[in-house]
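*Asks:* What follows is a predicted protein model with its sequence.
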Amino acid sequence: MRYLPRATAAIAAAAFVLACPPVPATEQPVAPGGLGAALASAADGAVLRLAPGRYRGPFTIARSVALVGDSDAVIEGDGSGTVITVDAPGVRIEGLTITGSGQTLATEDSGIFITAAGDGTVIAGNHLRDNLIGIYLKGPDRATVRDNLIEGLQDLRVNERGNGVQLWNTPGSVVEGNRIRYGRDGIFVTTSRDNRFAGNHFSDLRFAVHYMYTHDSAVTDNISTGNKVGYALMYSNRLVVHNNRSLGDSERGIFFNFTNESTIMGNIVAPWKDHSSSEKCVFVYNSNFNQLSGNDFRSCEIGIHFTAGSEDNAIWGNNFIGNRNQVKYVGTRELEWSSQQRGNYWSDHISFDLDGDGTANQAYRPNSVSDQILWRYPMAKLLMNSPLLQILQWAQSEFPALHPGGVTDSYPLMSPVVTGGEG
């Protein structure tokens, strides 16, 4: 009998394993009334396929199993607490309708609650309706929430409602392709890192996306329609905020509060259907070292409100179109909003381009002395047409040294940039 050398035998064994098709996971049919027993007896890796019908919860998943069904399989809580608690890694919940959580924020009542033990859990293609919090990721690593329809409660006051997807300390987790409406915020994340929220659609909410103390993360290709605020990004650093849409959000399109070292590119804030655009397209409050470029801000009461000590932000290659006030900056520091001799497009800037390089021959200065007076002392609006303000405006136009400081775009663009990138 001929023996192979030890190394050759190991290689041959590995090749045999690779050539064999994987053994499918054990699939177990489950009928209404039998889910509790099935969860208690299932081995890790089992797939529990739920037949159509109602499954009365609550349930806890303590093994690495999959719950799979279709929308006719409804897991229904008893109106208190959480409907499904995931307390094991590698769980998959797919294709189910989940409803009937409690309504107490203090106990974090949720449709699906994933504990710190739920690393790698995947929640995909489900319909979660009438739960206080739709899906709560509290501590797991690398969980995924994908392609779900999440409809929160409507019959509570906004501050009493829960969020569509809530995340806490869940590094590497992804929320993508979901449709979220009603409730309080679409996605609320706090004290986390390395998260990605992409391709979600939000409507009928307070905030579409609400960031707090979450770093090194991305918000990309999302759509917010008809909410109070599109993207509220607070106390977070090194964010990538690219190619999002805020359409008809009433108060703020994008709001930065203590957000630093981030790139905000290719986003659009605009009206939508019968919703007017925002009161403020973008509000930058005490945020530093950010880059805003290739964005389109249009038809807002204020295009950009920039305040509270924000420094060293690069703002260039953006469109400011049809805003009632393009810029509100209450301050006396000189700010240059251009980069490498390329500024922004301002729809109200009247100038010429004599050398044909696409840049206006006259700098754009959006804020006058009268603007400063009106923002600092709103009652001065009563004097808007008074000879005093008219003389002040004339004097500033004739003697530029009287300009109070603030924003200058030394290289304003003659034509809008193409949004969706760096411009």
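*Replies:* In hand now; what should we look at? Residues are numbered from 1 along each chain as shown.
*Asks:* ok, A124 to D141 distance?
*Replies:* A124 sits 18 Å away from D141, going by C-beta to C-beta, to the nearest Å. Yep, even glycine has a C-beta here, placed from its N, CA and C like the rest.
*Asks:* can you check G317 too?
*Replies:* To D141, G317 is 37 Å away according to C-beta to C-beta.
*Asks:* more neighbours, the two?
*Replies:* Comparing G317 with D141 by other C-beta atoms under 10 Å, the one with more neighbours is G317, at 24 against 17.
*Asks:* ok, the more buried one touching V417?
*Replies:* Yes - G317 lies in contact with V417 (C-beta atoms under 8 Å); the separation is 5.4 Å.
*Asks:* need the next SSE after the helix or strand containing L292, C-terminal direction.
*Replies:* Taking DSSP states H and E as the criterion, L292 maps to strand 291-293. Proceeding C-terminally, strand 291-293 gives way to strand 296-298 as the next helix or strand, assigned by DSSP H and E.
*Asks:* Check which helices and strands that next one is in contact with.
*Replies:* Here strand 296-298 touches strand 268-270, strand 280-285, strand 319-321, going by 3 or more C-beta pairs under 8 Å, 6 or more residues apart in numbering; DSSP states H and E.
*Asks:* in its sheet, what does the longest one sit against?
*Replies:* By that I understand strand 280-285. If you go by DSSP bridges, strand 280-285 pairs up with strand 252-257 (parallel), strand 302-307 (parallel).
*Asks:* Pick the most buried one from those.
*Replies:* Highest mean neighbour count of the strands paired with strand 280-285: strand 252-257, a mean of 26 (counted as mean count of other C-beta atoms under 10 Å).
*Asks:* For that one, what is the distance to the chain centroid?
*Replies:* 11 Å (C-alpha atoms, centre = their mean, to the nearest Å).
*Asks:* Can you name the element that comes right after it?
*Replies:* strand 263-265.
*Asks:* contacting residues around that next one?
*Replies:* Residues outside strand 263-265 that contact it (C-beta atoms under 8 Å, 6 or more residues apart in numbering): 239-243, 254, 256, 290-295, 421-423.
*Asks:* Can I get the buried ones among these as something I can paste into PyMOL?
*Replies:* Remark: buried members of the contacts of strand 263-265, expressed as a PyMOL selection using 16 or more other C-beta atoms under 10 Å:
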select buried, resi 239+241+242+243+254+256+290+291+292+293+294+295+423
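*Asks:* Quick check: the farthest pair among the contacts of strand 263-265?
*Replies:* Using C-beta to C-beta, the contacts of strand 263-265 span at most 20.1 Å, a distance reached by F256 and G421.
*Asks:* Secondary structure element holding P29?
*Replies:* strand 27-30.
*Asks:* C-alpha coordinates for that strand, PDB please?
*Replies:* Taking C-alpha atoms only, strand 27-30 is exported to PDB below (Å, rounded to 0.1, in the frame of the first residue of the first chain):
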ATOM      1  CA  GLU A  27     -34.500  23.400   8.400                       C
ATOM      2  CA  GLN A  28     -37.400  22.800  10.800                       C
ATOM      3  CA  PRO A  29     -41.000  23.700  10.000                       C
ATOM      4  CA  VAL A  30     -42.800  25.500  12.800                       C
END
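*Asks:* what comes into contact with it?
*Replies:* Strand 27-30 has contacts (C-beta under 8 Å, 6+ apart) with 38, 42, 46-51.
*Asks:* hmm, try it at 10 Å
*Replies:* 34, 36-39, 41-43, 46-51, 53, 55, 65-69, 73 (C-beta atoms under 10 Å, 6 or more residues apart in numbering).
*Asks:* now those: which count as buried?
*Replies:* For these, a neighbour count by 16+ other C-beta under 10 Å gives the buried set as 38-39, 42, 46-50, 55, 65-69, 73.
*Asks:* Next step: those residues restricted to helices.
*Replies:* Taking DSSP state H, the ones among the buried ones among the contacts of strand 27-30 that sit in helices are 38-39.
*Asks:* what about N159, which SS state?
*Replies:* Following DSSP: H, G, I helix; E, B strand; the rest coil, N159 is assigned to helix.
*Asks:* ok, now which ones touch the closest residue to F113 other than its chain neighbours?
*Replies:* Closest residue to F113 apart from its sequence neighbours, by C-beta to C-beta, 6 or more residues apart in numbering: T82 at 4.4 Å. Listed by C-beta under 10 Å, 6+ apart, the contact set of T82 reads 57-60, 101-102, 107-113, 131-133, 136.
*Asks:* I302 and N323, how far apart?
*Replies:* Distance of I302 to N323, given as C-beta to C-beta: 6 Å.
*Asks:* Off-centre distance for stretch 64-77?
*Replies:* Put simply, stretch 64-77 sits 28 Å off its chain's centre (C-alpha atoms, centre = their mean).
*Asks:* Could you list the low-confidence segments of the stretch 1-150 of the chain?
*Replies:* Residues of the stretch 1-150 of the chain that meet the criterion pLDDT under 70 lie in 1-25.
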